[in-house]
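Trainee: Return a 3D structure for these sequence lines:
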Amino acid sequence: MKQFLKFIGKLILIVLITAIALDAMYTLVYHQSKSRNKIDFLYNSKDQNYDVVFLGSSRVNNHFVPKIFNEQGYKTFNFGLTRSRLQESALMLKLMVERNYKIKNLILQVDLNINTNDHSEAIRSLFMPYLHTSETIRNHYKNIDEYNELLYIPFYRYMNYDARIGFREFYQSAIHKKTNALDNDGFYPLLKNQRPMIAADLSKYSPKKNAAYEEIKAICKKNNIHLIAMSTPMCMSTINREYFKQLRSVYPEIHNFEDAVTDDKYFSTCGHMNKEGAEEFTKIVFKAFFKPKSTP
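Mentor: Model (predicted):
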């Protein structure tokens with residue numbers, strides 16, 4: 001019996017040491033990577049200066065073309081994350097402040113993503129490699145159910161989110177294999193069009209106060225960032241377009257741009273514009289809020 005207990009003890013010790021070693025190795029690799037996604041790019045950079053940053057879901061990632069702003073003398077970057085929610089946008093902004101970014105204007109997508117105070121599990125996973133080293137990330141997640149397990153059990157966060165930050169992503173990060181996430185200053189163009197286009201149905205949505213959006217507004221006010229919150233275009237066949245009027249009744253400061261581009265030729269799907277639509281929309285937004293910078 002004594003021999004058996006010793007064996008079990010040694011086995012537990014080996015597993016613990018292995019988990020600690022793997023955790024340290026994975027974390028080290030992710031802390032040296034900044035070419036796989038926008039989160040590692042953000043975390044592993046600092047002291048950036050931007051005239052304009054864009055934050056939101058795929059309806060930012062696919063809709064705003066920084067090149068159009070850059071050609072007018074502005075330094076911009078599209079930090080939109082497909083599948084993200086306002087929870088993740090808030091954390092991205094907090095990290096920008098933590099990393100000493102200087103931001104003059106924030107264009108934030110606030111439309112369909114305001115319907116939930118919940119998070120995106122897929123995007124949350126991408127913050128996990130930095131949980132131990134970022135107080136901002138720890139504070140953001142301190143009230144989630146699995147917080148203690150994620151923080152204190154070695155290698156647990158990498159096993160729990162294996163699909164997103166497991167061995168495959170670890171290996172790709174270790175060899176510094178780039179993705180297209182940072183191409184075009186963060187803009188990801190949609191080149192294929194769904195035809196016939198399927199109408200989006202917004203009848204199940206109901207705008208409500210959103211804690212993450214309130215948090216973003218407070219961060220912007222504290223750090224002198226000019227916040228421009230707006231809805232982005234949806235095809236004209238969208239069911240229950242009244243949703244956007246309801247949105248303004250909850251937050252009157254949100255600029256309605258859902259009708260800024262209307263022709264179906266500019267849409268890849270009902271809720272996402274194609275490359276030509278994104279370019280047209282970005283020009284409209286620029287003209288609405290900005291002017292070309294004078295040449296020296």
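Trainee: Average the pLDDT values over stretch 250-264 and round to the nearest integer.
Mentor: The predicted model assigns stretch 250-264 a mean pLDDT of 95.
Trainee: Quick check: buried residues in that stretch?
Mentor: Using 16 or more other Cβ atoms under 10 Å as the test for burial, stretch 250-264 gives Y251, I254, H255, F257, E258, A260, V261. For the C-beta atoms, the positions are set from N, CA and C on the backbone; glycine is no exception.
Trainee: quick one, phi/psi of the fifth one?
Mentor: Looking back up the chat, that one is E258. phi -70, psi -20 (degrees, to the nearest 10).
Trainee: and if you look at the last one?
Mentor: According to degrees, to the nearest 10, the main-chain angles of V261 amount to phi -130, psi 130.
Trainee: my guess is it meets N274, correct?
Mentor: No: if you go by Cβ atoms under 8 Å, V261 and N274 don't touch, sitting 10.3 Å apart.
Trainee: Tell me, please, where in the protein the pLDDT is lower than the cut-off.
Mentor: 4-5, 7, 294-296 (pLDDT under 70).
Trainee: What residues sit buried inside the longest helix along it?
Mentor: The longest helix of the chain (DSSP state H) is helix 2-30. Under the neighbour-count criterion of 16+ other Cβ under 10 Å, helix 2-30 has A19, L22, D23, Y26, T27, V29, Y30 buried.
Trainee: Grab the two from the buried residues of stretch 250-264 that are most spread out in space.
Mentor: Spatial extent of the buried residues of stretch 250-264 (Cβ to Cβ) is set by the pair Y251 and V261 at 21.9 Å.
Trainee: can you give me the helices in this structure?
Mentor: Going by DSSP H, the chain shows helices at 2-30, 38-43, 58-61, 66-70, 86-98, 121-124, 135-141, 147-152, 156-160, 162-165, 167-174, 211-222, 243-250, 275-289.
Trainee: got a list of what the residue nearest to F64 when sequence neighbours are not counted touches?
Mentor: Among residues not flanking F64 along the chain, F54 sits closest, at 4.5 Å (Cβ to Cβ, 6 or more residues apart in numbering). Residues counted as contacts of F54 (Cβ atoms under 8 Å, 6 or more residues apart in numbering) are 60, 64, 66, 76-80, 106-109, 186.
Trainee: Please tell me which one of those residues counts the most neighbours.
Mentor: Neighbour counts for the contacts of F54, by other Cβ atoms under 10 Å, peak at F64, which reaches 31 neighbours.
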